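[1] The sequence isn't on hand, but the structure is:
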C-alpha cells in the first residue's frame, strides 16, 4: 500500500505541474510519466502469478472442510497441480519397491483458519489490482492531458503567426500598387503623398487590430 500511496502522490504532483507550470510541459516530463506507467504495468504483471496461486489454494479447500495433502515422490510432484505438498521427515520404514508409486505419510490439513486467511489475502490482492487499474487510467489521462496542452500551445503560436500575416496583407497590397513602374502615377503629384500612404497604412493596421480585439482573437 505504501508503494501505491507513493505512486498516487507522484501522479498528483505531475497533475499540478501540468496545470500550473507551463515551462514544465517538456519531453522530460512526458518521459517521467511514461516511466511511471511502465512501473504500474510491471506491478500488475507481478500480481498476476500471486493471484493465480491464491486461487489454486482456495480451490483445494473449497470442496471439503479439511483437505489432506500427502508427501509424494519427487518425480510425480510436477504432476500434482491441485495438491499442496509439504516436506516431511523420511520414515525409516518407507518402501522403495517402486519409484513410480506414491509414498503416503502422515496427512497435512488445510484448516478453516488458513482458508479465512486465503480469502483475506485474495481481497487484498483484488484491492491492489483495482488500485493499479485506477492509477493506470490516471496516468493515461495525464499523457492525454500533456498532449492536449502541447497541441494548444502549438495552435496558439500558429494563430499568432496567421494573424500577423493577415494584418500585413493590406499593407503589402498598397506597397505593391505604389511600386509599379508606370510613368504617370497620380500619388506622385502630391508633396505629402508619402505621408498620406503611411497614414492610410496606419489606419488599416489599427482598424484590423481593433477588429481582432472585438473578436477576441488576440
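    Ah, there it is. Predicted, not measured: the structure shown is a model, and the values here were computed from it.
[2] biggest helix in the chain, by residue count?
    For the chain, the helix with the greatest residue count under DSSP state H is helix 112-177.
[3] and after it, which helix or strand comes next?
    helix 193-214 (DSSP states H and E).
[4] quick one: contacts for the residue in the chain sticking out farthest from the centre?
    Distance to the chain centre peaks in the chain at residue 189, reaching 70.1 Å (criterion: CA atoms, centre = their mean). Counting by CB atoms under 8 Å, 6 or more residues apart in numbering, residue 189 touches no other residue. For glycine as for every other residue, the C-beta is placed from the backbone atoms N, C-alpha and C.
[5] so where is the chain shaky, pLDDT-wise?
    For the chain, applying pLDDT under 70 flags the ranges 1, 61-111, 182-185, 187-188.
[6] domains of it?
    In terms of domains, the chain is parsed into 2-65+112-177, 67-110 (source: automatic domain parsing).
[7] coming back round to it: packing partners for the longest helix of the chain?
    If you count contacts as 3 or more CB pairs under 8 Å, 6 or more residues apart in numbering; DSSP states H and E, helix 112-177 packs onto helix 2-20, helix 27-60, helix 193-214.
[8] In TSV, list these along with distance to residue 160.
    Listed next are the helices and strands packed on helix 112-177 as TSV, based on distance: least, CB to CB, whole Å:
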stretch	distance to residue 160
helix 2-20	22
helix 27-60	23
helix 193-214	11
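[9] tell me the angle of the longest helix of the chain relative to helix 27-60?
    160 degrees (axes from the mean of the first three to the mean of the last three CA atoms, to 10 degrees).
[10] what's the angle from helix 112-177 to helix 2-20?
    Using the same axes, to 10 degrees: helix 112-177 against helix 2-20 is 20 degrees.
[11] Compute the distance from the centre of helix 112-177 to the centre of its chain.
    9 Å (CA atoms, centre = their mean, to the nearest Å).
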